[in-house]
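[1] Got a predicted model here, sequence first, then my questions.
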Amino acid sequence: MNRVTAQALKPFISVMLIIMTLFGIVFLQMEERRNGYALLKLRREHKILLEEKRTREIQLAKITRPQLLESMAHSRFTLKKVQASQIIHLSGEGLKVVR
Amino acid sequence: MKSRIVILFVGFCCLWGLLILRAASLQVIPHERLKTLQERQFRTVVTLQSRRGAITDHQGRELALSTTAFSLYADPKIIEGRRSVARKVAKILGHSPATVYSKIKDSRRRFVWIQRMMDPSMAEKIKALDIRGLSLVEEWRRIYPNESVLSHTLGFLGIDGQALEGLELQYDESLRGNQKKVMVRRDARGRPLVADGLLFQQNPDGHDLRLTVDSELQYMLESELRAAVSGFEADSAVGIVLDAQTSAIRAMATVPTFDANKAMKTGADTRRNRAITDLMEPGSTMKPFVIAGALREKKLQPNSKYFCENGTFKIADRIIRDDQHKFGWLSVSEILSFSSNIGTTKIAFQLGEESLRRTLSDFGFGAKLGVDLPGEARGSLLPLPWRSHLLSNVSFGQGVSTTALQVANAYAAAVNGGMLNSPYIVDAVRDSESGLLKEIAPKPIRRVLTPEESAQMRLMLAGVAAPGGTGVAANVNGFIVGGKTGTAQKPNPKGRGYLPGAYISSFAGFIPAHDPRFVIYIAVDQPRKAYYASQVAAPIFAKIASYAVRKSGVAPLLLSERNLVRKKSRAVAVAPAEDAPDVMAAADLLNGKAAKEVEIVPDLSKLTLREVLRRVNGKELQLKMLGRGVVSETIPAAGEPVPADREITVFLR
C-alpha cells in the first residue's frame, strides 16, 4: 500500500473507528441491561428460595412444638409423664455403667 | 430547474435545521416540566420491606417469626363478570362464591379486601387467573409456631402488622426494622433497571430477640398450671420461674392461655399477662420479708422465741388467729414453718411500721421493678402512719397489693445473697445488619440483705418444706427446697372486706436451698376443690422445681447416711460381726483404721435395669450391662467379694 492510498483511507478508517466505538458502546449498554435482567431474575429466585427456607423453618418449629411432641409421645408411643418415684438418684462417686 | 433544486434543498435544510434546533432545545436546554415528565415515565419507587425480627428462646428455638404472605384486593368497578370472578376466586380461597361476590358486587367501590394474608401458593393461583381488577400485595405474616406457649408474654400483632401487646409491643422499634423507599429507573415494561447495585440493596431486617426463657420449662409450667386449674376448678393460675441469682425470667405463664396466632379471637381478659398486670394480696408469702426486716435491723435471730398466745391475739378491737392451731412458744424458724400470724405480727410490732414499710419497699414492693414488658403494675404499699391492725395485717400479707413478679423477685433477693435485681426477659438483641449479638446484663437495683442474713433466710425457709412445715408438699426428692406457702383471702372488688370462700393459694420457693438456682412462684386463683396452698400450690411447685433442676443438670444432693458418714466408717458398720473388732475407739471408727473392708457383690438376680441402678446406688461399682430384660447372672456371682477393679458384669435376658 503506497502512501497516497493510505492517506486516502484515513478518513474512512476514522469514520469506521467512530462507528465501531458507537456500536461498542451500544453493545456494552445492551449487555449491561441484559445482565441486569438476569440479575433481577436471579434475585427473585434467591428471594423465593429464602422464603422457602423460612417456610421450612416454620414448619419444623411447628412440628417440634412441645404440645405436639407430648401428644405424639402419648398417642403413638404410649409414653407417660415421669413420676417422681421413677427417678433414680445415682450418687456413688465412682458409679459407672457401661452398655 | 437547477434553481428549483437549490430552493428545495435549502427548504429541506431549513426544515431539518429547525428539527435539529428543536431537538437540541429539548435535549440540551434544562426544562423542568419535561424533566418531571421524563422521571415519571422512567422512574419508579420501589419499597424495600424489612422483615420483622424473630424471637427465640434461650436455646434458639423459634417463638415468633415472620414469613411472606399476600393479600388480595379488588377494584369492583373494573371487574367484568363479577359472578364468574367470584366463583373462580372462591374456589381457590375455599370460600363460598356468595361471600366473595358480596364483597365485589358494588360496582361503585374502588377498593375492597378479598382475602388477607394468603399463602404464596394460593397467591400464585390467583395470579394465574389474570383477572382485571384483582391485585395482590405482599405483606409479612407473623407466626407463633408454639401457638399458646408464652403467648401472654410474646404478645401479638394486629392484621396490619402493628404491635399490640407483650414483647412485640415493648420491642417494636427493634423488631420491625425500617421500611425504605428507593427511586429506581424502569424500562418500558415497568421492570426496574439495575443501577450501581441499587436494586440489590437489602433493607436490613428487624433485630432478632433472644429471650432468657426456656420454652420447654415454659411448656411444663403451663401444662402443670392448666392441670391445676382444671383439677381444682380454679379461675386462673399464674406461675413464674426466675433465675435466683440474676432475676432472668426462665418461664412466665398465665392460665388460661390463648393461641397467639388467633389472638384477636380471644377476649382481652384472657390475653392479659396476669403475672405482671394483676394485683393481689400476697398472704403469708409476705411473712419472710417481715423476718428479713427484723434480721437486718438486728431485732432477732432465727432461734429467738416468741409466744404465740395459744392461737388468739387481740390487737386494738380486733382479734387475729392462727388457723386451726394453738401455738405457744415458737422460734422464728418455727413461726415461718407453721406460718403463725400471731408470731409474725409480734415481730412486725417489734420492727415497727416505719422499718417494715422501708423493708418491703426495699424488696421492691409498691414500685415498678422495670421489667422489659409492657403493663407492669406498681402495687400498693399504704403510706404511713399505719394503725396497729394494719401493721399486723401487712405482716401476713393483707392490706398490701403486689404482682406475682414482685413476690418472686423479692424471694430471689432474699435468698441469692441479698441483691435485688430488676427482672428481665430479653437476653440478647442480634443486629440483623452486622450479625452482632448484644447481650443484656443483669440489672442490680440495690442490696437488701447481707450474704449472712440471706443465708439465714435460706435456712429458715428450708424449714418450711421440712416435715411438719406447711410446705412439705413442695419437697423434691434429691434436693433441699425452701419457700413459703400463702393462702390469701380475695378482697371484695365491690366493697370492703373479703369474698367469702374465695382464696388465692400460692407458694414461693427456691431450689436447691443451699445454693438457689431457681425461684419459683405459683399462684392459683380461687381453687374450689381445695384451697390451702399446701394442697394446691406447693405440689405444683414441686413438679416444676424437679423438672427445672434436672433439666439444667443440677446434681441431686442426697441427705442420707451414704452422704454424711464416711465410706470407710460405713464399711465397718456393714461388716459381719466376726470381722469387726470387739472394741473400737471412736476415732478408729471414723478413720476406719481397724476395719477390714469386706464388700460383697449384691444379689441382683431377676431385677430390671432400673432396679439394679437403685440397688447399687451409692456403691462405687463399675457395672457392665449386657443384654436386655431382667438380670440372669452376674460375674462375680452374688455373695462373692467385689474384685479389686470393682467391675461387675451383669447379664440381662
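    Great, that's in hand. Numbering: from 1, shown residues only, chains lettered A, B, ... in the order given.
[2] for stretch B:55-64, the distance to its chain's centre please.
    Its chain's average C-alpha position is 11 Å from that of stretch B:55-64, according to CA atoms, centre = their mean, to the nearest Å.
[3] And stretch A:9-16, by the same measure?
    Relative to where its chain is centred, stretch A:9-16 has its mean C-alpha point 51 Å off (CA atoms, centre = their mean).
[4] Stretch B:228-238 too?
    Stretch B:228-238 sits 19 Å away from the centroid of its parent chain (CA atoms, centre = their mean).
[5] Quote the end-to-end distance of that stretch.
    The first residue of stretch B:228-238 is 11 Å away from its last residue (CA to CA, to the nearest Å).
[6] near chain A at all, it?
    No. Counting by CB under 8 Å from any CB of the partner chain, chain A has no neighbours in stretch B:228-238; the shortest distance is 14.3 Å. For every residue, glycine as well, the C-beta is placed using N, CA and C.
[7] Pull out the buried positions in that stretch.
    By neighbour count, and taking 16 or more other CB atoms under 10 Å in any protein chain shown as the criterion, the buried residues in stretch B:228-238 are B:228, B:229, B:232, B:234, B:236, B:237, B:238.
[8] State the pair within these that is farthest apart.
    Of all pairs drawn from these, the one with the largest separation by CB to CB is B:232 and B:238; the distance is 14.0 Å.
[9] and which of the buried residues of stretch B:228-238 is nearest to chain A?
    Using CB to the nearest CB, residue B:228 is the member of the buried residues of stretch B:228-238 that lies nearest chain A, at 14.5 Å.
[10] The closest one: what's it in contact with?
    Contacts for residue B:228 (CB atoms under 8 Å, 6 or more residues apart in numbering or on different chains) come out as B:234, B:237, B:255, B:524, B:527, B:536, B:540.
[11] For residue B:620, give me the pLDDT.
    Residue B:620 carries a pLDDT score of 74 in this model.
[12] Burial check on it, number of neighbours?
    14 (other CB atoms under 10 Å in any protein chain shown).
[13] how far away is it from chain A?
    3 Å (CB to the nearest CB, to the nearest Å).
[14] same check, this time on residue B:523
    With distances taken as CB to the nearest CB, residue B:523 is found 22 Å from chain A.
[15] same check, this time on residue B:45
    Spatial separation of residue B:45 from chain A under the definition CB to the nearest CB is 17 Å.
[16] I'd say that residue and residue B:182 touch.
    Yes. Between residue B:45 and residue B:182 there is a contact at 7.2 Å, judged by CB atoms under 8 Å.
[17] Comparing the two, which shows the higher neighbour count?
    Applying other CB under 10 Å to residue B:45 and residue B:182 shows that residue B:182 carries more neighbours, namely 14 against 9.
[18] List phi and psi for residue B:524.
    Residue B:524 adopts backbone torsions of phi -110, psi 120, taken as degrees, to the nearest 10.
[19] And for residue B:354?
    Its backbone dihedrals place residue B:354 at phi -70, psi -50, with angles given as degrees, to the nearest 10.
[20] Could you give the number of residues near the closest residue to it other than its chain neighbours?
    In space, not counting the residues next to it along the chain, residue B:354 is nearest to residue B:384; the distance is 6.3 Å by CB to CB, 6 or more residues apart in numbering or on different chains. Applying other CB under 10 Å, we find 12 residues neighbouring residue B:384.
[21] isn't residue B:384 right up against residue B:356?
    No. The pair residue B:384 / residue B:356 is not scored as a contact, 9.8 Å apart, by CB under 8 Å.
[22] now the strands: where do they sit in chain A?
    If you assign secondary structure with DSSP state E, the strands in chain A sit at A:96-98.
[23] Tell me where it is predicted with low confidence.
    Across chain A, the stretches falling below the confidence threshold (pLDDT under 70) are A:1, A:89-99.
[24] tell me, what residue is most central in it?
    Centroid-nearest residue in chain A: residue A:46, 5.4 Å away (criterion: CA atoms, centre = their mean).
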